[in-house]
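Novice: Let's see this in three dimensions:
(chains A, B and C)
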Amino acid sequence: MSYTFQWGVAFDYLPYLLGGALVTLHLTFLGFLAGLIIGITTAVAQVYGSPLMQRTANIYVVFFTNTPSLVTAFFIFFGLPEFGILLSPYLCILINLALNAGAFLADVFRSGIQSVKTAEMEAAEIMGFSLFQKVQYVIAPHIAKTLYPPISNLYIIFILGSALASIFGVEEITGRAFNVDSETFRSIEIYSIAATIYVLLTFAASFALALVGRYVFRVKARMF
Amino acid sequence: MTQLEINGLFAEYSPSLPILEDVSLKIETGEIISIIGPSGSGKSTILRVLVGLLHPSQGHVIVNGTEVNYKSPSALKSMRDTMAMVFQQFNLFQNMSVLRNVMIAPLKIKKEPEAEVEARAKEYLEIMGLGEKFDAYPDQLSGGQQQRVALARALALRPKILLLDEVTSALDPEMVNEVLDAIRVLSTKGITLIIVSHEMAFVREVSDRVIMMDDGKVVEIGTPDEIFTAAKTQRCRDFISNIIQH
Amino acid sequence: MIQQFIDQAPIFFTLNNGLYWLRALMTTLSMALIGCVVGFIFGFVLVYFRTSPIPWLLPLRALLIAYVEIFRRIPFLVLTFLILFASRGFGFQLSLFWVACVTIVLIATAYIAEIIRAGIEAVHRNQWECADVMNFSRARTMLYVIVPQSWVFIVPPAFSYFIMFIKETSLTSQIGTMELMSAGKYFNSIGISPVMAYGTCLLLYFALSYPLTRLGRRIEVRLKNRFKGNMATLSASDQ
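Specialist: Below you'll find the predicted structure:
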């Protein structure tokens, strides 16, 4: 074994690396939230929109679910300046995350909307509900409960996916690991710590989401 | 000759959930024994303990004079060679045809020659009235047909003792009779049968002896006439009168 | 920008470049394929031991459970770096391609093991008991009865994970493997506009992912039809 471990050096940077977790949470939270809005809108467009809206929505979803997040990030990061739009790396990644999340969430929401029993929808129709009211009183409560688990699951996946932000200089967990590595060259230790932070972060996030699910949405799920 | 003897059997799913309490009985070779009683009385549990799906916490099971040691895998294996069990539902392996279902255990587990196994399987399926269904898959059969295949499959193992655990309880009423007919055919073959059932008329007609159980204990054992018309214990009499009301 | 497109088109759309893209695409596909096939095999072995009732294997089972829970929660990029530096640090001169494959195997095993476990647990308990009572060994029960019935639960999600891994391989461009994403970077670096270079990249990933997704759905429908009727399972939730 020609590699000598120097964990002490790595642990000196632990607070810095943990700070990255906050950036990760910040980034994913905002991005996912935007993604939720995009997702619901897209799903409603797909189910209830005019043929043109449906077409556009479908193309959007199919495109982003069949292409890697990294490539769309590069496209946005390097492509937007070509059109004269200059944004910070953080913002580029945020947009990328929101667009990707929106597409996957749209699929989840769409299946949720379509699973609302037609009888309930017909009753609402007869009572003269507008589309917006239907969403508010019939669709939303039903899907909030059924879709909470898959959506929480997607959030965890996106926390892991946020690691690619490091490539564009965003100083989240992986980005900070990269910085520390360039300084200390203790690669194995640094990236092991980074991996551990992700594992613990996702455990904590799953747990918190399960708690929220149980008490706010009354969803019974495994606490892991 | 006593084939099966159960002595002071106790069983539990967990220390706070006892199922069987001090169960004792003797069964002769070729006898047809039925076990009746309310739900949760432990009827099915006796069968499950016999076949080794649940370990007894106390007591002895003696088969043909030898005590069965449920903790020993080889003893368990040889005991399962002499016993076969048919469950209430989901008996058949859904991914295999009817014929293969009946053939697979003798073929792959007992390693008997294929031609012989196939001939026997077809014979038993025909006895059960399923001669046309060799290549059908379980999901293409009705519940009653599936149970009859399960019976044929159990027979193909040539057991000395056959355990039937409420085999008609999950069936639509129209299919119950076809399965009961199949069991009637079985009862003529000289195999020892232990039947757990709710079908009282059938139990009365076909059994040599009837055991009534309640709350994990044996309440009474007797001939069908004794149990159904002149039960000795109050509990048994209550049970019978409740059943006959329907 | 259109002018740029017209200027660069003749340089970009050549046979050589086409072959370059094709080679990169093949690399991407083979990484994902090797990783997933090996991961599938390991996944099965893992689940077999994880669900073993033998008491003295308990420490192993705990280890396997920990493995699955941990490796499902490490980002692909981080693990790629870790494998790269670990393999170099301990003296293994793995090529970048194999570093990527090892990473995929490690993560795929964890994800697919979960899928397999869920699939096997979806098969009704009675099937186990029937086999048990007929003296089937655990291995034989799995082989003849349980696994054939669990395919319908295992294949669709496993296939969609395969498609996901094809896209994840784009991250290995960061350690320098010559796959599809790095082809895009290469063309961008030699002066092709990013829109064209990464745009082509996107289209090729799409060309891989979309047909496979459609295929996956057809397979799923086929499998479900094979076992319609009263299947001996708990109700399967549709994805």
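Novice: Could you use CA atoms for every contact and neighbour count after this?
Specialist: Noted.
Novice: How is the closest residue to residue A:196 other than its chain neighbours assigned, secondary-structure-wise?
Specialist: In space, and not counting its chain neighbours, residue A:196 is closest to residue C:74: 7.7 Å by Cα to Cα, 6 or more residues apart in numbering or on different chains. Under DSSP: H, G, I helix; E, B strand; the rest coil, the three-state class of residue C:74 is coil.
Novice: wait, what's in contact with residue C:74?
Specialist: A:160, A:195, A:196, A:198, A:199 (Cα atoms under 8 Å, 6 or more residues apart in numbering or on different chains).
Novice: from what I can see the fourth one touches residue C:73, true?
Specialist: Yes: with contact defined as Cα atoms under 8 Å, residue A:198 reaches residue C:73; the gap is 6.6 Å.
Novice: on that earlier part again, nearest to residue A:91, of the contacts of residue C:74?
Specialist: Among those, residue A:160 lies closest to residue A:91 (Cα to Cα), at 18.2 Å.
Novice: check contacts around the closest one.
Specialist: Residue A:160 neighbours (Cα under 8 Å, 6+ apart): A:198, C:73, C:74, C:75, C:76.
Novice: and of those, the nearest to chain B?
Specialist: Chain B lies nearest to residue C:73 out of the contacts of residue A:160, by Cα to the nearest Cα, at 35.1 Å.
Novice: For that closest one, the count of nearby residues, please.
Specialist: 24 (other Cα atoms under 10 Å in any protein chain shown).
Novice: can you check residue C:97 too?
Specialist: Using other Cα under 10 Å: residue C:97 sits among 18 other residues.
Novice: longest helix in chain C, by residue count?
Specialist: helix C:15-50 (DSSP state H).
Novice: could you give me the average pLDDT of the next helix or strand after that one?
Specialist: Next helix or strand after helix C:15-50 toward the C-terminus (DSSP states H and E): helix C:58-71. Averaged across helix C:58-71, pLDDT comes to 92.
Novice: Show the contacting residues for the closest residue to residue B:97 other than its chain neighbours.
Specialist: Computed as Cα to Cα, 6+ apart, the closest residue to residue B:97 that is not its neighbour in sequence is residue B:137, at 4.5 Å. Taking Cα under 8 Å, 6+ apart, we find residue B:137 in contact with B:94, B:95, B:96, B:97, B:98.
Novice: For chain A, what lies in contact range of chain C?
Specialist: Within chain A, the positions near chain C by Cα under 8 Å from any Cα of the partner chain are A:1-3, A:62-63, A:66-72, A:74-75, A:78-79, A:82, A:160-161, A:163-164, A:167, A:174, A:187-188, A:191-192, A:194-196, A:198-199, A:202.
Novice: Apply the buried test to these and list what passes.
Specialist: Those of the residues of chain A next to chain C that meet the buried threshold are A:63, A:66-72, A:74-75, A:78-79, A:160-161, A:163-164, A:167, A:174, A:187-188, A:191-192, A:194-195, A:198-199, A:202, by 16 or more other Cα atoms under 10 Å in any protein chain shown.
Novice: among those residues, which are in strands?
Specialist: Applying DSSP state E to those, no entry is found in strands.
Novice: Which ones among those lie within helices?
Specialist: A:63, A:69-72, A:74-75, A:78-79, A:160-161, A:174, A:187-188, A:191-192, A:194-195, A:198-199, A:202.
Novice: Show me how far stretch C:74-83 is from its chain's centre.
Specialist: 15 Å (Cα atoms, centre = their mean, to the nearest Å).
Novice: What average pLDDT does it get?
Specialist: Averaged over stretch C:74-83, pLDDT sits at 95.
Novice: Let's verify residue B:26: helix, strand, or coil?
Specialist: From three-state DSSP, the assignment for residue B:26 is strand.
Novice: contacting residues around it?
Specialist: B:2, B:3, B:4, B:5, B:6.
Novice: my guess is the last one contacts residue B:61, does it?
Specialist: Looking back up the chat, that one is residue B:6. Yes: when contacts are counted by Cα under 8 Å, residue B:6 is listed as touching residue B:61 (4.7 Å).
Novice: Just want to know which of those two has more residues nearby.
Specialist: Each of residue B:6 and residue B:61 has its neighbours counted (other Cα under 10 Å); residue B:61 has more, 22 against 19.
Novice: On the pLDDT front, check the residue minimising distance to the centre of chain C for me.
Specialist: Centroid-nearest residue in chain C: residue C:162, 3.4 Å away (criterion: Cα atoms, centre = their mean). Here, the pLDDT recorded for residue C:162 equals 94.
Novice: Check the gap between residue C:40 and residue C:132 for me.
Specialist: Relative to residue C:132, residue C:40 is positioned 27 Å away (Cα to Cα, to the nearest Å).
Novice: Check which residues of the lengthiest helix in chain A are buried.
Specialist: If you go by DSSP H, chain A has its longest helix at helix A:14-48. Burial within helix A:14-48, assessed by neighbour count using 16+ other Cα under 10 Å, is assigned to A:14, A:17-18, A:20-21, A:24-25, A:27-29, A:31-47.
Novice: Likewise for stretch C:181-188?
Specialist: C:181, C:182, C:183, C:184, C:185, C:187, C:188.
Novice: Could you give the number of residues near the residue in chain B positioned nearest to chain A?
Specialist: Nearest residue of chain B to chain A: residue B:14, at 23.7 Å (Cα to the nearest Cα). Neighbour count of residue B:14, defined by other Cα under 10 Å: 8.
Novice: For it, give the beta-bridge partners.
Specialist: residue B:17 (DSSP bridges).
Novice: And stretch B:91-106, end to end?
Specialist: Termini of stretch B:91-106 sit 16 Å apart (Cα to Cα).
Novice: And for the closest residue to residue B:166 other than its chain neighbours, the neighbour number?
Specialist: Nearest non-adjacent residue to residue B:166, counting by Cα to Cα, 6+ apart: residue B:197, 4.8 Å away. The tally of other residues near residue B:197 (other Cα under 10 Å) stands at 20.
Novice: Make sure residue B:197 is actually in contact with residue B:34.
Specialist: Yes: with contact defined as Cα under 8 Å, residue B:197 and residue B:34 form a contacting pair (7.2 Å).
Novice: which neighbours do these two share?
Specialist: Common neighbours of residue B:197 and residue B:34 (Cα under 8 Å, 6+ apart) are residue B:203.
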